[in-house]
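Novice: With the input below, show me the fold.
(one chain, ligands or ions: 2)
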Amino acid sequence: MTEHLVDAQAPRDLKAFIAGLPKAELHVHHVGSASPRIVSELAARHPDSKVPTDPEALADYFTFTDFAHFIEVYLSVVDLIRTPEDVRLLTYEVARELARQQVRYAELTITPFSSTRRGIDERAFMDAIEDARKAAEAEFGTVLRWCFDIPGEAGLEAAEETTRLATDDRLRPEGLVSFGLGGPEIGVPRPQFKPYFDRAIAAGLHSVPHAGETTGPETVWDALTHLRAERIGHGTSAAQDPKLLAHLAEHRIALEVCPTSNIATRAVRTLDEHPIKEFARAGVVVTINSDDPPMFGTDLHNEYAVAARLLGLDERGLAGLAKNAVEASFLDDAGKTRITREIDTYTAEWLSR
Ligand SMILES: O=C(O)c1cccc(C(=O)CC[C@H]2O[C@@H](n3cnc4c(=O)[nH]cnc43)[C@H](O)[C@@H]2O)c1
Ligand SMILES: [Zn+2]
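Specialist: Ligands and ions are numbered 1, 2, ... in the order given. As a prediction, the model looks like this:
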């Protein structure tokens, strides 16, 4: 069971503050955000799948022995997304959940290769996510943007297909802002993806690969050097390299920290051993994110509560984390100013109660 991951120790008042705090989420996966209700609905639609239809059984199914097991389970959920309507439903429901958590802006990591290789028409796929994005903004007020990621383990064929989908002007969706690299790192060296990142960057996309989640700091250096990373997904092992921490701090390359994810995939042993404190101490820009929240038995509120405990933060400190995410986002300046002001107003009102 993953429920033990939920941080019950945050004071009730701080939890209430977090619940109302306007936030930005920069590292959250599309399929990995499918709620137990959506997963069981999709599993019931596709009974040939081994994914349980019972939400209770899903908690056990979403308990991982290691990162490789996590990816195996993740792919079984990917297999449930078979039609453009599945894609639209999932995207819209993810936005609803983000809005519930006062997320004003989110960059959602989507792996289009996984859908197109399963036979979903590429045009219909783009229309489905864009339709959900526009509906979510109109109905919930949450602005969504996309990061298309290469599923690393699927190799250069996946890299080529993802790059094509991200850079072809006839296909590229309006909401696309960045280009990523996910999946396992062990046995999947970052430098091989350089030509694909070069093309994506030339097409105006920002570079946000996962790195240092399950391998050492050299992978983070590779992501910076070869993939020209502007933010790093996880970057957990950066804590082992003081020069790297200094580089990240100096160049304001933010880390997308997802504490509970790192425990659930067993990349880090316990929350108390999480290197977030070292990041903050070194002056690295830390952003707090949820990664694959239902699979890890968490949500963004819980991740902020975890961060508050690990970093010893009060309301102002939490507001600072929320502002870090806005600042490190790829939102335009007017949007950044709007959300930052909202965070400041909310915090000032809360503290003057
Ligand atoms: O879709 C396929 O057919 C396929 C075939 C081979 C390999 C893959 C992948 O590598 C998919 C991995 C997928 O996992 C996503 N993800 C979600 N959470 C995380 C995370 O914490 N760290 C790394 N990757 C993560 C990611 O979006 C990848 O695309 C697929
Ligand atoms: Zn991730």
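
Novice: what pLDDT does residue 7 get?
Specialist: Residue 7 is assigned a predicted lDDT (pLDDT) of 66.

Novice: for residue 53, same thing?
Specialist: Listed pLDDT for residue 53 reads 91.

Novice: Could you look up the SS state of it?
Specialist: State at residue 53, reduced to three classes by DSSP: H, G, I helix; E, B strand; the rest coil: coil.

Novice: now do residue 171
Specialist: Residue 171 ends up coil, using three-state DSSP.

Novice: cool, and residue 107?
Specialist: Going by three-state DSSP: residue 107 is strand.

Novice: Just confirm it contacts residue 328, I think it does.
Specialist: No. If you go by CB atoms under 8 Å, residue 107 and residue 328 don't touch, sitting 9.9 Å apart. Quick note: C-beta positions are derived from backbone N, CA and C, even for glycine.

Novice: Looking at the two, which has the bigger crowd around it?
Specialist: residue 107 (30 against 23; other CB atoms under 10 Å).

Novice: quick one, what contacts that one?
Specialist: Residues near residue 107 by CB atoms under 8 Å, 6 or more residues apart in numbering: 25-28, 144-147, 177-178, 208, 329-330.

Novice: please redo it, this time with the cut-off set to 6 Å
Specialist: For residue 107, the contact set (CB atoms under 6 Å, 6 or more residues apart in numbering) comprises 26, 145, 147.

Novice: same question, residue 342
Specialist: Here residue 342 is in contact with residue 22 (CB under 6 Å, 6+ apart).

Novice: okay, it: pLDDT?
Specialist: At residue 342, pLDDT is 98.

Novice: gap between it and ligand 1?
Specialist: According to CB to the nearest ligand atom, to the nearest Å, residue 342 and ligand 1 sit 29 Å apart.

Novice: Can you say which helix or strand has that residue in it?
Specialist: For residue 342, the element it lies in under DSSP states H and E is helix 333-351.

Novice: One more: residue 24?
Specialist: Using DSSP H and E, residue 24 falls in strand 23-29.

Novice: Run through who's touching that strand.
Specialist: With CB under 6 Å, 6+ apart as the criterion, strand 23-29 contacts 102-103, 105-109, 233, 256, 258, 287, 289-292, 300, 322, 325-326, 329.

Novice: and the gap between residue 248 and residue 224?
Specialist: 8 Å (CB to CB, to the nearest Å).

Novice: And these two? Which one has more around it.
Specialist: Using other CB under 10 Å as the criterion, residue 248 and residue 224 rank with residue 248 on top: 25 against 21.

Novice: Surely the more buried one and residue 284 touch.
Specialist: Yes. With contact defined as CB atoms under 6 Å, residue 248 reaches residue 284; the gap is 4.7 Å.

Novice: Ligand 1 contacts on the stretch 201-350 of the chain?
Specialist: Counting by CB under 6 Å from any ligand atom, the residues of the stretch 201-350 of the chain lying close to ligand 1 are 210, 213, 261, 291, 292.

Novice: Isn't the third one up against residue 293?
Specialist: No. Taking contact to mean CB under 6 Å, the distance of 8.7 Å between residue 261 and residue 293 leaves them out of contact.

Novice: chain center to the strand holding residue 24: distance?
Specialist: Its chain's average C-alpha position is 5 Å from that of strand 23-29, according to CA atoms, centre = their mean, to the nearest Å.

Novice: Kindly report the same for stretch 43-55.
Specialist: 25 Å.

Novice: got the buried residues for that stretch?
Specialist: Using 16 or more other CB atoms under 10 Å as the test for burial, stretch 43-55 gives 43, 49, 51, 52, 53.

Novice: quick one: the last one from residue 296, how far?
Specialist: Put plainly, it is residue 53. Residue 53 sits 21 Å away from residue 296, taking CB to CB as the criterion.

Novice: swap in the second one?
Specialist: Here the criterion is CB to CB. By it, residue 49 lies 21 Å from residue 296.

Novice: With the first one instead?
Specialist: Shown here: residue 43 relative to residue 296, a distance of 19 Å by CB to CB.

Novice: The residue of the stretch 1-150 of the chain at minimum distance from ligand 1 sits in which helix or strand?
Specialist: Nearest residue of the stretch 1-150 of the chain to ligand 1 (CB to the nearest ligand atom) works out as residue 114 at 3.2 Å. Following DSSP H and E, one finds residue 114 within helix 112-116.

Novice: Doesn't residue 146 belong to a strand?
Specialist: Yes. With three-state DSSP as the criterion, residue 146 is part of a strand.

Novice: what is it paired to in the beta sheet?
Specialist: Under the criterion DSSP bridges, residue 146 forms beta bridges with residue 108, residue 176.
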